[in-house]
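> quick one, structure for this:
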Amino acid sequence: MLQIRPCHFGLRILDSGFQTEFCGTLIRNPKSAIRNLLSGPRPSTLDSRPLHGFTLVEMLVAMAITLVMMAAVVTLFANVSNSVRNRRATMRLNADIRQARNVLQQDLQGATCPGLTWQKPESNVGYIELIEGPHREGNASRLVDGIDSPLAPDFNPEIDHGLSILPSSNLPFTTANPTWVTDGGGLGDYDDVLMLTVRNEQKPFVGRSPTSLNAPNGFDGWTAETIESQLAEVVWFSLENPEASSNAESFFG
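All right, here's what the predicted structure looks like:
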């Protein structure tokens, strides 16, 4: 007599135990099959699709690409920052030059002495004097004399002719120096001195005048006071790479 009984492992017993059907396969030894089922893992009811991830090589390649991109971005931002800083410095320099030009033009317009030779001292018109320095156009500075010796005892540095923005002369310098962009020969004469007496009716001059000329320590012991006047002696000069004055009360500070 055949009996069909459901069991926990889905087995269907066909007769007295000699033959067993399991998953559509006829098993000759049902006891051994049951032991294998009991000792083995149970089938999972969850989704058993394979999981995917990144390998170590893939992660290293991704990190290398990211670092290269970050380096490129940092270099780009550094170049942009340098360009902006140089442009701001150029704009500030142009503004200072315009301010100096306007003040010099105002002083020349208010000069008390006409630009004519052989002024008579008794005319009491003041003076105007131009002192020519040792440098000249074409050799206006030691920075363009062709000698690069910035250390002691010479202290004679040279400009970077490949990067400098100094104006160039009309001489063919690129033949002997193909990497140069300028020879600096267009730099103007900077070491001349202009001295004159100036009158300003609209805006008085403000300056410092020494009061204690008989100080025992000489110039360092002088004291000064601030004065205003419509007449003044004005001296125009320039310094190459001037150092910042440490004494704010000095007459040139």
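> so which elements touch the helix or strand where V73 lies?
Using DSSP states H and E, V73 sits in helix 56-109. Contacts defined by 3 or more Cβ pairs under 8 Å, 6 or more residues apart in numbering; DSSP states H and E place helix 56-109 against strand 193-199, strand 231-236. The C-beta positions use only the backbone N, C-alpha and C, and glycine is treated the same way.
> paired strands for the last one, with orientation please.
According to DSSP bridges, strand 231-236 has the following sheet partners: strand 193-199 (antiparallel).
> what is the orientation angle of the strand it pairs with with helix 56-109?
Between strand 193-199 and helix 56-109, the angle comes out at 60 degrees (axes from the mean of the first three to the mean of the last three Cα atoms, to 10 degrees).
> next SSE downstream of strand 193-199?
Assigned by DSSP H and E, the successor of strand 193-199 is strand 205-210.
> and the pLDDT for the spatially most central residue of the chain?
The centroid of the chain falls nearest to N82 when counting by Cα atoms, centre = their mean (3.5 Å). The model reports N82 with a pLDDT of 88.
> quick check: the gap between it and I227.
45 Å (Cβ to Cβ, to the nearest Å).
> for stretch 154-164, give me every contacting residue.
Contact with stretch 154-164 is made by 142-150, 166, 177, 179-184, as judged by Cβ atoms under 8 Å, 6 or more residues apart in numbering.
> actually stretch 123-133, not the one I wrote
111-115, 119, 189-197.
> among those residues, who's most crowded?
L196 (21 neighbours; other Cβ atoms under 10 Å).
> which secondary element of the protein has the worst mean pLDDT?
strand 20-22 (a mean of 45; mean pLDDT, DSSP states H and E).
> residue contacts, E58?
Counted by Cβ under 8 Å, 6+ apart, E58 has zero contacts.
> do you know the pLDDT at it?
89.
> what's the spacing between it and A64?
11 Å.
> what lies in contact with stretch 203-211?
Residues contacting stretch 203-211 (Cβ under 8 Å, 6+ apart): 198, 222-232, 251.
> which among these count as buried?
Using 16 or more other Cβ atoms under 10 Å as the burial test, those include 198, 222, 232 as buried.
> quick check: the first one touching A232?
I take that to be V198. Yes - between V198 and A232 there is a contact under Cβ atoms under 8 Å: 5.7 Å.
> now L194, nearest residue through space, not along the chain?
W236 (4.2 Å; Cβ to Cβ, 6 or more residues apart in numbering).
> again but with G110, I slipped
Here the residue nearest G110, using Cβ to Cβ, 6+ apart, is V198, at 4.7 Å.
> list the contacts of the one you found.
107, 110-112, 205, 231-234.
> run the last query once more with 10 Å
V198 sits next to 106-113, 126, 128, 205, 230-234 when contact means Cβ atoms under 10 Å, 6 or more residues apart in numbering.
> show me which pair in these is furthest apart.
Spatial extent of these (Cβ to Cβ) is set by the pair I128 and Q230 at 17.6 Å.
> re the thing from before, give the residues shared as contacts by V198 and A232.
Common neighbours of V198 and A232 (Cβ under 10 Å, 6+ apart) are 107, 110, 112, 205.
> in PyMOL, how would I select the buried members of the residues you listed?
Typed into PyMOL, the line below selects the buried ones among the shared contacts of V198 and A232, using 16+ other Cβ under 10 Å:
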select buried, resi 107+110+205
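> could I get the shared contacts of V198 and A232 in CSV, plus columns for pLDDT and distance to D160?
Formatted as CSV, those follow (pLDDT from 0 to 100; distance: Cβ to Cβ, whole Å):
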residue, pLDDT, distance to D160
D107, 91, 35
G110, 91, 41
T112, 91, 45
F205, 90, 40
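> thanks a lot, catch you later.
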